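>>> only geometry, no sequence info:
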């Protein structure tokens, strides 16, 4: 596949207006104010008794799905917490396991879906300040895996050789 520029209708590229988000298929798009995530695969070079002193190869590494942060309007963040506590069968919204999906949808581009599997909430941050801005809550997620999909083709950073 050649990495070339894509043909775009009206020149549109992905933007904030292209974003769609869901928790357990519940649409969050209009209530979401920000979302960010990062994943890593920490691979180290292995050395042996090679005359060159150079590495003999990398390890398969250790996958870290990171801690994505989802920012929402305060009232909806509270509703999500209540939903997750009920799902967990108690008061703790941190005990509930859920799927979070983030999509980029633009008529002229590929559909990109990022699925965060087996998430739990591990943090909640609220801040208030004087002014006309809306109040928001930042929820910190802890997924077990992140699966990126472009037009139905799954792409992963972790080593998937043992998956069925």
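Good, I have the coordinates. Everything numeric here is computed off the predicted structure, so don't read it as measured data. Residues are numbered from 1 along each chain as shown.
>>> and residue 119, what are its bridge partners?
Assessed by DSSP bridges, residue 119 has beta-bridge partners residue 98.
>>> and it, what's its pLDDT?
Predicted confidence (pLDDT) for residue 119: 97.
>>> next, count neighbours for it.
The tally of other residues near residue 119 (other CB atoms under 10 Å) stands at 25. Yep, even glycine has a C-beta here, placed from its N, CA and C like the rest.
>>> please apply the same query to residue 48.
Applying other CB under 10 Å, we find 9 residues neighbouring residue 48.
>>> likewise residue 85?
Using other CB under 10 Å, residue 85 is surrounded by 16 other residues.
>>> same check, this time on the one 4 residues further on
A count of nearby residues for residue 89, using other CB under 10 Å, gives 9.
>>> look up phi and psi at it.
Dihedral pair for residue 89: phi 80, psi 30, per degrees, to the nearest 10.
>>> tell me how far it lies from residue 96.
Noted for residue 89: a distance of 9 Å to residue 96, by CB to CB, to the nearest Å.
>>> do residue 26 as well
13 Å.
>>> now residue 83
Residue 83 is 8 Å from residue 96, by CB to CB.
>>> comparing those two, which residue is more hemmed in?
residue 96 (21 against 16).
>>> show me where the chain has helices.
74-88 (DSSP state H).
>>> so which residues of the protein form strands?
19-23, 26-27, 32-36, 40-42, 45-47, 55-58, 62-64, 69-73, 98-104, 112-126, 136-142, 145-150, 153-155 (DSSP state E).
>>> OK, contacts around the nearest residue to residue 118 once chain neighbours are set aside?
Closest residue to residue 118 apart from its sequence neighbours, by CB to CB, 6 or more residues apart in numbering: residue 144 at 4.1 Å. Residues counted as contacts of residue 144 (CB atoms under 8 Å, 6 or more residues apart in numbering) are 65, 117-119.
>>> any regions of the chain where pLDDT drops low?
For the chain, residues meeting the criterion pLDDT under 70 lie at 1-11, 108, 164.
>>> that older thread, state the distance from the residue nearest to residue 118 to residue 69.
Relative to residue 69, and taking CB to CB, residue 144 is found at 17 Å.
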